[in-house]
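Visitor: Got a sequence here, can you build the structure:
(2 chains)
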Amino acid sequence: MTKYSEEIMVKPITTLGQYLLLMRRVFARPERFRMYFKQYVSEMAQLGINSIGIVLLISFFIGAVICIQIKLNIESPWMPRFVVGYTTREILLLEFSSSIMCLILAGKVGSNIASEIGTMRVTQQIDALEIMGINSASYLILPKILGLMTMIPFLVVFSIFAGIFGAFCTAWFGGIMNATDLEYGLQYMFVEWYIWCSFIKSLFFAFIIASVSAYFGYTVEGGSIAVGKASTDSVVSSSVLILFSDLILTQLLMG
Amino acid sequence: MIELKSVSKAFEGRTVLDNINFSFENGKTNLIIGQSGSGKTVLMKCIVGLLTPEKGEVLYDGRDFIHMGKKEKQALRREMGMIFQSAALFDSLSVLENVMFPLDMFSNATYRERVKRAQFCLDRVNLIDAQNKYPGEISGGMQKRVAIARAIVLQPQYLFCDEPNSGLDPKTSLVIDELIHGITTEYNMTTIINTHDMNSVMGIGESILYIYQGHKEWEGTKDDVFTATNERLNNFIFASDLLRKVKAEETKEKG
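Guide: Prediction:
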């Protein structure tokens, strides 16, 4: 087997195997629930609460831009005026507030997790935990996965509302369209299941972001350059996995 | 007592440790010395279980650490304390929280009792005044002392120190050496120190194992060093002019 084919074929399988073995360690029984719970609460704040600002900001502007683009591009005498609101809502609910928002979080939260755990690895803090007889993989990674999975539905809700508010702002302050038409479109043929779809997808994506980033951080070997590379790899890998699983989940949930 | 029986370790076919046999005695400061790259750190990692030797046994008071079950291993790890080269303190925790961490994880004592025990250990290393500071706010020597306090907080049977004096000035190194030696005698622990600091060798080397290119080259005590005829050991220990002069004077006095 040539070095190139080994790189293409063997490495991904090895990586997947290592990831699965790490996950087995992560979901082992915690040594002390009290300490894990403390970490879990702290991770909810660090990964979830600290992301609310960026989620609101991006969702607000994307909601406004979607509204403007749809208004400008599909406006026609044959098209009802409420279609802009309806389409904006569907885009926000079905794709933006779950998938695209999670892609953004993969950059912010994923790199944070990978660099934090990677730095702990290179400064021997993980070795210190192991020497104490603590399952370092579980102690460091499990609270992050659960913390992000707990917070992500709230971030999705914030994102949807911020996007809709952004769309309304284009009507109120930009005069792009009538706010009553927009409101009618936003409420037109509302399907509750789409909200649940958004939550279900975001839960999967949260797991991907936290676990994949933690894997790259945990397996760092070397120094600061390796930590930087792990951080980049974690963002790239989790983004690709989010896109791939989005395709499958959308087909499963909506098909 | 920790016994090494025919411990061997290789990385990708390259032998790093070759058939090491040695007994680290209880209540003494046992030193592993050798040049950089001689295999000291690998040997230490094999002893504490961060690496698994290909061959041989590591016996903790007769208990085979390498071949024991996961649960027994974790239980034995709670009898160990380790001071890392980089101190490996948890950045996000204060000095007191760092020292309390093993207690929080494994002790059933009340919060007040845990604080009291952690403060006692900090007092032992003369750092009670720094208990509310964070690792980033204290000097390297203080970090090492916090690491010592954390290592002894659970009253371990075995203490491991990986180059505890690296990056410290001679005076602070002396303080660290005296502290480790004092604690070893006080708690009657089996202490293993990995070092290439000659002041440590001359000061606290009650039992010395000299590693040369992965194999045991010499063993003895600090007093034996002056009379040793091993050329490699002499080249290593008496590499500096100062130590050569000390040896010459010592020989003159005895002769």
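
Visitor: in which helix or strand would I find residue 20?
Guide: Just going to use chain A. helix A:11-26 (DSSP states H and E).

Visitor: Can you look at chain B instead?
Guide: Using DSSP H and E, residue B:20 falls in strand B:14-24.

Visitor: for residue B:191, same thing?
Guide: Assigned by DSSP H and E, residue B:191 falls in strand B:190-195.

Visitor: strands paired with that strand, and their directions?
Guide: Within its sheet, and counting by DSSP bridges, strand B:190-195 is paired with strand B:29-33 (parallel), strand B:158-162 (parallel).

Visitor: how about the residues of the stretch 1-150 of chain B that lie near chain A?
Guide: The interface of the stretch 1-150 of chain B toward chain A, taken as C-beta under 8 Å from any C-beta of the partner chain, is made up of B:48-50, B:73-78, B:80-82, B:84-86, B:88-91, B:101-102, B:104-106. Heads up, the C-betas are built off the backbone N, CA and C, glycines and all.

Visitor: Distance from the strand holding residue B:191 to the middle of the chain?
Guide: From the chain centre to the centre of strand B:190-195 is a distance of 3 Å (C-alpha atoms, centre = their mean, to the nearest Å).

Visitor: Tell me the buried residues in that strand?
Guide: Going by neighbour count (16 or more other C-beta atoms under 10 Å in any protein chain shown), the buried part of strand B:190-195 is B:190, B:191, B:192, B:193, B:194, B:195.

Visitor: for stretch A:225-234, same thing?
Guide: Buried residues in stretch A:225-234 (16+ other C-beta under 10 Å): A:227, A:230, A:231, A:233, A:234.

Visitor: Would that stretch count as contacting chain B?
Guide: No: Stretch A:225-234 lies out of reach of chain B by C-beta under 8 Å from any C-beta, never closer than 13.8 Å.

Visitor: Show residues contacting that stretch.
Guide: If you take C-beta atoms under 8 Å, 6 or more residues apart in numbering or on different chains as the criterion, stretch A:225-234 is touched by A:110-111, A:113-115, A:118-119, A:122, A:212-213, A:215-217, A:219-220.

Visitor: and if we set it to 10 Å?
Guide: A:15, A:106-107, A:109-123, A:209, A:212-222 (C-beta atoms under 10 Å, 6 or more residues apart in numbering or on different chains).

Visitor: Buried ones among those residues?
Guide: A:106-107, A:109-123, A:209, A:212-220.

Visitor: quick one, what contacts the closest residue to chain A within the stretch 151-255 of chain B?
Guide: Residue nearest to chain A within the stretch 151-255 of chain B (C-beta to the nearest C-beta): residue B:160, separated by 7.7 Å. Residues in contact with residue B:160, defined by C-beta under 10 Å, 6+ apart, are A:131, B:2, B:24, B:30, B:32, B:44-45, B:47-48, B:80-84, B:151, B:190-194.

Visitor: With residue A:70 instead?
Guide: Residue A:70 neighbours (C-beta under 10 Å, 6+ apart): A:83, A:84, A:85, A:86, A:87, A:88, A:91, A:167, A:176, A:177, A:185.

Visitor: wait, the fifth one sits on residue A:74?
Guide: Which is residue A:87. Yes: with contact defined as C-beta atoms under 10 Å, residue A:87 reaches residue A:74; the gap is 7.4 Å.

Visitor: Just the local confidence number for the most centrally placed residue in chain A, please.
Guide: Centroid-nearest residue in chain A: residue A:102, 2.6 Å away (criterion: C-alpha atoms, centre = their mean). What the model reports for residue A:102 is a pLDDT of 94.

Visitor: repeat for residue A:1
Guide: pLDDT, residue A:1: 59.

Visitor: ditto for residue A:80
Guide: So, for residue A:80, pLDDT stands at 89.

Visitor: can you tell me the helix or strand for it?
Guide: Following DSSP H and E, one finds residue A:80 outside all helices and strands.

Visitor: Over to the one 10 residues further on?
Guide: With elements taken from DSSP H and E, the one containing residue A:90 is helix A:83-91.

Visitor: who touches the most centrally placed residue in chain B in this structure?
Guide: Centroid check for chain B by C-alpha atoms, centre = their mean gives residue B:161 as the closest residue, at 2.3 Å. Counting by C-beta under 10 Å, 6+ apart, residue B:161 touches B:29, B:31-32, B:44, B:81-85, B:144, B:147-148, B:151, B:176-177, B:180, B:184, B:191-195, B:200.

Visitor: try residue B:113
Guide: Per C-beta under 10 Å, 6+ apart, neighbours of residue B:113: B:103, B:107.

Visitor: what about it, distance to residue B:142?
Guide: Distance, residue B:113 to residue B:142, by C-beta to C-beta, to the nearest Å: 25 Å.

Visitor: Can you show me the strands along chain B?
Guide: Listed in chain order, the strands of chain B (DSSP state E) span B:2-11, B:14-24, B:29-33, B:55-60, B:63-64, B:80-83, B:158-162, B:190-195, B:207-212, B:215-220.

Visitor: neighbouring contacts of the fifth one?
Guide: Residues lying outside strand B:63-64 but in contact with it, judged by C-beta under 10 Å, 6+ apart, are B:2, B:3, B:5, B:57, B:58, B:72, B:73, B:76, B:79.

Visitor: which ones are touching the third one?
Guide: Looking back up the chat, that one is residue B:5. Shown in contact with residue B:5 (C-beta under 10 Å, 6+ apart): B:19, B:20, B:21, B:22, B:23, B:55, B:56, B:57, B:58, B:59, B:64.

Visitor: ok so, going back, could the strands of chain B be laid out in a markdown table, adding mean pLDDT?
Guide: A markdown table is the format used below for the strands of chain B (pLDDT from 0 to 100):
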| stretch | mean pLDDT |
| --- | --- |
| strand B:2-11 | 90 |
| strand B:14-24 | 89 |
| strand B:29-33 | 91 |
| strand B:55-60 | 90 |
| strand B:63-64 | 89 |
| strand B:80-83 | 90 |
| strand B:158-162 | 90 |
| strand B:190-195 | 90 |
| strand B:207-212 | 90 |
| strand B:215-220 | 88 |
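
Visitor: How many residues are close by the residue in the stretch 1-150 of chain A positioned nearest to chain B?
Guide: Per C-beta to the nearest C-beta, residue A:133 is where the stretch 1-150 of chain A lies closest to chain B, at 3.4 Å. Neighbour count of residue A:133, defined by other C-beta atoms under 10 Å in any protein chain shown: 20.

Visitor: What backbone torsions are found at it?
Guide: phi 90, psi 20 (degrees, to the nearest 10).

Visitor: Tell me if I'm right that it and residue B:81 touch.
Guide: No: assessed by C-beta under 10 Å, residue A:133 is found out of contact with residue B:81, at 11.0 Å.

Visitor: Report the buried residues of stretch B:201-215.
Guide: Neighbour-count burial for stretch B:201-215 [16+ other C-beta under 10 Å]: B:201, B:202, B:204, B:205, B:206, B:207, B:208, B:209, B:210, B:211, B:212, B:214.
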